[in-house]
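Asker: What follows is a predicted structure for the sequence shown.
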Amino acid sequence: CAGLPAHTAEVARRLAGDGLRIIAVARRTLAKGEKAADVLEQPPSGLEFTGLLALADVARETSPALVRGLREAGVRPVVLTGDHPQTARAIAVDLGWPEDAVVVTGDELAAADRTARSRMLRDADVVARVAPEQKLQVVESLRDAGRVVGMVGDGANDAAAIRAADIGVGISARGSAAARNAADLVVTGDDLLVLVEAVREGRALWHSVADAIAILIGGNAGEVGFGILGTVLGGAAPLSTRQMLLVNLFTDLFPAMAVAVTKTGDPEQEEADAGAPLGTAVLGEPLLRQIRHRALTTALGATAAWLLGRFTPGTERRSTTMALCAVVGTQLAQTLADRRDSRLVQVTSLGSAAALVALVMTPGASRLFGCTPLGPVAWTGVAAAIALALAGQRALPGVEDAIARYWPKVAERLPVEKSGAVPQGARG
């Protein structure tokens with residue numbers, strides 16, 4: 001362009017750094033006999049610089065809250081935009097990204113192979129100057145980097161990337177039909193803050209499912225362990241088949257179902273999961289640890305009550321009944337401790353405990369299941385065994401830490417909780 005001031009590039013960079021979109025404007029006077037349509041078909045030449053046009057694309061008022069909420073939920077958002085890198089960085093910082101946000105450009109992606117793109121995008125915060133067709137490459141590269149990717153878009157050129165993502169989200173209010181059809185989820189309103197609630201609801205669901213699994217598997221594993229230990233020590237199984245079915249009736253039915261449909265409501269747990277990958281914050285090692293602790297606690301409570309029954313005056317049926325009550329009581333106490341704020345869990349757990357006491361103390365029903373009514377001394381022994389088991393559960397993390405320090409080879413086989421930072425999970 002003719003007449004281009006020397007400071008034009010500096011002004012453009014400064015405006016872009018303020019988050020403005022810059023358009024350079026130039027003109028050319030048509031010569032006599034020239035037609036505008038013919039000139040537009042030719043490469044531009046002979047232009048005279050007129051000035052810079054700065055456009056502000058104002059973010060929604062809820063956008064900073066959305067970014068902050070996603071980060072607090074363990075999701076690291078990534079900006080995909082066609083803007084200049086400086087403009088994109090400035091807008092991202094205004095919305096809540098850190099000052100040192102990592103910016104990758106579409107030209108850099110185009111010059112890299114798939115492996116290099118994955119490495120480049122693994123920790124990227126902003127992808128600027130990205131062409132519509134490159135959005136699909138970004139999603140695929142993030143997945144290749146081991147990220148769980150959620151893609152939010154509303155344009156027809158977003159459809160391929162939405163379909164390729166682990167979770168595709170379309171926007172119904174202003175989105176195209178192609179984006180909506182490609183999406184797994186569609187936001188029907190115009191407020192994307194619902195995505196934060198969706199992530200929290202998803203985490204709560206995973207927690208509930210994991211806790212219900214731990215109740216079923218951990219409790220049954222503890223019952224099996226107690227059965228094996230009792231058989232070794234006493235020469236016969238401490239609980240009959242009918243009694244084992246009774247245990248499952250009182251522990252695996254209503255209490256486990258109540259846990260499965262109840263949120264954790266534990267702020268400390270939510271904070272601990274904030275930076276963890278979605279879907280693995282409560283599964284994998286955490287779930288195995290929960291199952292192991294529940295199994296050991298159940299076996300300890302049952303064994304303690306059974307031994308108290310055998311070494312205090314009474315019949316064999318009395319010690320068996322004490323063991324039965326301790327198996328059920330220990331599991332119900334753990335369930336109550338996990339969901340102490342849930343009215344539904346309280347009702348089902350305390351109701352199951354009351355039903356067990358009523359069954360044991362009713363002579364005819366008690367004999368039907370191989371039990372006998374218990375006296376004050378026996379009930380005291382059952383309560384003491386349950387308290388001992390719960391105290392042992394609280395001591396288990398310390399025991400595992402000691403094993404990790406003194407017997408590292410044994411610790412390698414245990415999914416012991418590790419301290420330190422956890423990598424962030426879903427990317428969108």
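Answerer: Received, thanks.
Asker: so where's the stretch 151-300 of the chain shaky on pLDDT?
Answerer: For the stretch 151-300 of the chain, residues meeting the criterion pLDDT under 70 lie at 173, 264-284.
Asker: And the strands in it?
Answerer: Taking DSSP state E, counting those that start in this stretch to define them, one finds strands in the stretch 151-300 of the chain at 167-171, 185-187.
Asker: which of those strands is buried the deepest?
Answerer: Most buried of these by mean neighbour count (mean count of other Cβ atoms under 10 Å) is strand 167-171; its value is a mean of 23. Any C-beta I mention is one placed from the backbone N, CA and C, and that applies to glycine too.
Asker: Using PDB, list the CA coordinates for that strand.
Answerer: Output in PDB follows, covering the C-alpha atoms of strand 167-171 (Å, rounded to 0.1, in the frame of the first residue of the first chain):
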ATOM      1  CA  ILE A 167     -18.600 -35.500  24.000                       C
ATOM      2  CA  GLY A 168     -20.100 -33.300  21.300                       C
ATOM      3  CA  VAL A 169     -22.300 -30.400  22.500                       C
ATOM      4  CA  GLY A 170     -24.500 -28.400  20.200                       C
ATOM      5  CA  ILE A 171     -26.300 -25.100  20.900                       C
END
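Asker: which strands and helices sit next to it?
Answerer: If contacts are counted by 3 or more Cβ pairs under 8 Å, 6 or more residues apart in numbering; DSSP states H and E, strand 167-171 sits against strand 150-153, helix 159-164, helix 177-182, strand 185-187.
Asker: ok, residues contacting it?
Answerer: 148-154, 162, 179-187, 190, 192, 195, 426, 428 (Cβ atoms under 8 Å, 6 or more residues apart in numbering).
Asker: about what we covered before: just put the helices and strands packed on strand 167-171 in TSV and tack on distance to residue 113.
Answerer: As requested, those are exported to TSV (distance: least, Cβ to Cβ, whole Å):
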stretch	distance to residue 113
strand 150-153	22
helix 159-164	18
helix 177-182	26
strand 185-187	32
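Asker: now the strands of the stretch 151-300 of the chain in a markdown table, with distance to residue 73?
Answerer: Below are the strands of the stretch 151-300 of the chain laid out as a markdown table (distance: least, Cβ to Cβ, whole Å):
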| stretch | distance to residue 73 |
| --- | --- |
| strand 167-171 | 13 |
| strand 185-187 | 16 |
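Asker: so which of those gets nearest residue 82?
Answerer: In terms of Cβ to Cβ, the element of these nearest to residue 82 is strand 167-171, at 18.1 Å.
Asker: tell me the contacts of residue 104?
Answerer: Residue 104 neighbours (Cβ under 8 Å, 6+ apart): 120, 121, 124, 126, 127, 128.
Asker: sorry, that was for residue 110
Answerer: By Cβ under 8 Å, 6+ apart, the contact set of residue 110 is residue 134.
Asker: By residue count, what's the longest helix in the protein?
Answerer: Counting residues, the longest helix found in the chain (DSSP state H) is helix 376-406.
Asker: What mean pLDDT does that one get?
Answerer: Mean pLDDT, helix 376-406: 89.
Asker: that older thread, from the contacts of strand 167-171, list the buried ones, please.
Answerer: Buried residues within the contacts of strand 167-171, counting neighbours by 16 or more other Cβ atoms under 10 Å: 148-154, 162, 179-180, 182-183, 187, 192, 195, 426, 428.
Asker: Do I have it right that residue 290 meets residue 210?
Answerer: Yes - applying Cβ atoms under 8 Å, one finds residue 290 in contact with residue 210, separated by 6.9 Å.
Asker: For the helix or strand hosting residue 23, could you pull out the residues that count as buried?
Answerer: Element membership of residue 23, judged by DSSP states H and E, is strand 21-27. Buried residues in strand 21-27, counted by 16+ other Cβ under 10 Å: 21, 22.
Asker: Look up how far residue 58 lies from the residue lying closest to residue 287 once chain neighbours are set aside.
Answerer: Spatial nearest neighbour of residue 287, excluding adjacent residues (Cβ to Cβ, 6 or more residues apart in numbering): residue 210 at 5.0 Å. Remark: distance between residue 210 and residue 58 (Cβ to Cβ, to the nearest Å) = 42 Å.
Asker: Could you do residue 388 as well?
Answerer: In this view, residue 388 and residue 58 are 63 Å apart by Cβ to Cβ.
Asker: Okay, now the unreliable bits of the stretch 1-150 of the chain?
Answerer: Checking the stretch 1-150 of the chain against pLDDT under 70 turns up 2-3, 19.
Asker: Let's see that with 50 instead.
Answerer: Within the stretch 1-150 of the chain, no range satisfies pLDDT under 50.
Asker: Now do the strands in it.
Answerer: Along the stretch 1-150 of the chain, the stretches classed as strands by DSSP E, counting those that start in this stretch are 21-27, 48-55, 79-80, 103-105, 126-128, 150-153.
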